[in-house]
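Colleague: Provided below for reference: sequence and predicted model.
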Amino acid sequence: MQWVKELAVRYRNSQIKASIKVNTEQLCYNWMLGRDIVEKNVEQRWGESVITQLSKDLRNELPGVQGLSKSNIYYCKKFYLLYRDAASIFQQPVGKNVEVEVSRQYTGIFEIPWGHHCVIMDKVKGDIHKALFYVKETLENGWSRAVLLNWMDTDLYERQGKALTNFRRLLPAPESDLAQEITKDPYSFAFARITGAYNESILKEALLKNISKFLIELGTGFAYVGKEYRLQIGEVENFIDLLFYNLKLRCYVVVEVKVQKFDSRDIGQLGTYVAAVNHILREEGKDNPTIGLLICKSKDNTLAQYALESSSQPLGISEYELEKFYPEKIEGTIPTIAEIEATLNMNSHQ
């Protein structure tokens, strides 16, 4: 079959370039193979068995080459079908040349390993927005395939950026969008391994005993500052549950953990702590305005939204769960002391 020979030549040409861009070229090949199957109506014209025969023919033409199995060819088809409409999402002009289209239109899609894509395709069920989310997160965080799978099992896409907040009202763009993006709802505290009765003290101790996993769940860029952080407000001694610094936002993040259902009075306490951190810890011109995050056992969304509207401080409200999978430690996710100092020094010179 002439088409099989063309595919074999195309593969060999892609292998010549593979020494420079192994992953991108392989994914381009898979993309074009999937495109050909769809646009040539291969299965409709020759029947479903044609994919089995195509796999045999390609392996005969390219002996020893991996990735030409029947199942992998079907993944190539799914790959093309999933992302072929991505141009409309990115709102970029379509390139005339396929390789230009692949490398420019779908930046990011062709930068993660094929094995990651197979995991994503199996899990997202054709949802391109969900797929693109995991592609972006994989690129930004350097996730292994196992870590990607674990995050998908925790429904990260459904949780990311979902906290109830007043950020858009109180923070300037684009800081408000970035602040929203770092939130989750609910947070997964399965790593705390709490199975019996517990109170706030027990929960916070469990979170801090697993500080690495806690920071990973909070998200990239969070650095731990302190627990029961003391603030002298006037003549009253106050203690913040948990205090963090976020390198992406360049601001302090006050976290209060409540093991009960949300109460509107919690907002007053959290707002006071945020204002106090701005006055006592924040350095003008170096740190952005402090934000607060209340993580509670449950909440009435209407009551929570009304409470947020009453506050003049940028706050968010989320729930937590104790029974979810959690990802393994990701190298580079938790900021090092050197990274924190470098960021703070950079801010001081701006």
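Modeller: Nice, I can see it. Numbers count the residues shown, from 1 in each chain.
Colleague: Please count neighbours and contacts with C-alpha atoms only from this point.
Modeller: Noted.
Colleague: quick one: low-confidence parts of the chain?
Modeller: For the chain, the stretches with pLDDT under 70 are 1-2, 9, 12-22, 87-107, 324-350.
Colleague: Name the residue closest to the centre of it, please.
Modeller: Central residue of the chain (CA atoms, centre = their mean): residue 137, 3.8 Å from the mean position.
Colleague: what helix or strand is that one on?
Modeller: Element membership for residue 137 (DSSP states H and E) is helix 128-141.
Colleague: List the contacts of that helix.
Modeller: 82-83, 86, 108-109, 111-112, 120-121, 124, 143-144, 148, 157, 220, 330, 332-333 (CA atoms under 8 Å, 6 or more residues apart in numbering).
Colleague: What residues sit buried inside it?
Modeller: 128, 130-132, 134-136, 138 (16 or more other CA atoms under 10 Å).
Colleague: export those to a markdown table and tack on distance to residue 164?
Modeller: Converted to a markdown table, these look like this (distance: CA to CA, whole Å):
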| residue | distance to residue 164 |
| --- | --- |
| 128 | 25 |
| 130 | 21 |
| 131 | 24 |
| 132 | 23 |
| 134 | 22 |
| 135 | 25 |
| 136 | 23 |
| 138 | 25 |
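Colleague: Out of these, the closest to residue 313 would be?
Modeller: residue 136 (30.4 Å; CA to CA).
Colleague: Tell me how far that closest one lies from residue 109.
Modeller: 8 Å (CA to CA, to the nearest Å).
Colleague: shared neighbours of those two, anything?
Modeller: Joint contacts of residue 136 and residue 109 (CA under 8 Å, 6+ apart) do not exist.
Colleague: after the helix holding residue 137, next one along is what?
Modeller: Downstream of helix 128-141, the next assigned helix or strand under DSSP H and E is helix 145-153.
Colleague: What residues sit buried inside that following helix?
Modeller: So helix 145-153, judged by 16+ other CA under 10 Å, has buried residues 145, 147-152.
Colleague: can you check stretch 59-66 too?
Modeller: Neighbour-count burial for stretch 59-66, with 16+ other CA under 10 Å as criterion, is recorded at 59, 62.
Colleague: Can I get it in CSV, CA atoms only?
Modeller: Output of stretch 59-66 as CSV, limited to C-alpha atoms (Å, rounded to 0.1, in the frame of the first residue of the first chain):
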residue,chain,number,x,y,z
ARG,A,59,6.3,-3.0,11.6
ASN,A,60,7.4,-4.8,8.5
GLU,A,61,8.6,-1.6,6.9
LEU,A,62,10.1,-0.4,10.2
PRO,A,63,11.5,-3.4,12.0
GLY,A,64,12.5,-2.9,15.6
VAL,A,65,10.6,0.5,15.9
GLN,A,66,8.5,0.9,19.0
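Colleague: any idea where the helices of the stretch 101-250 of the chain begin and end?
Modeller: Applying DSSP state H, counting those that start in this stretch to the stretch 101-250 of the chain gives helices spanning 114-124, 128-141, 145-153, 156-159, 167-170, 175-181, 200-209, 211-218.
Colleague: next one: the lengthiest helix in the chain to chain centre, how far?
Modeller: For the chain, the longest helix by residue count, based on DSSP state H, is helix 22-39. Centre-to-centre, helix 22-39 and its host chain are 26 Å apart (CA atoms, centre = their mean, to the nearest Å).
Colleague: now the angle from that helix to helix 114-124?
Modeller: Here the directions of helix 22-39 and helix 114-124 differ by 50 degrees (axes from the mean of the first three to the mean of the last three CA atoms, to 10 degrees).
Colleague: who touches residue 38 in this structure?
Modeller: Contacts for residue 38 (CA under 8 Å, 6+ apart) come out as 77, 81.
Colleague: Would you map the strands across this protein?
Modeller: Assigned by DSSP state E, the strands in the chain fall at 164-165, 187-188, 222-233, 236-246, 251-261, 291-298, 315-321.
Colleague: Make a markdown table from those strands and add distance to residue 51 to it.
Modeller: Below are the strands of the chain laid out as a markdown table (distance: least, CA to CA, whole Å):
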| stretch | distance to residue 51 |
| --- | --- |
| strand 164-165 | 48 |
| strand 187-188 | 42 |
| strand 222-233 | 48 |
| strand 236-246 | 50 |
| strand 251-261 | 54 |
| strand 291-298 | 51 |
| strand 315-321 | 45 |
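Colleague: All set now, cheers.
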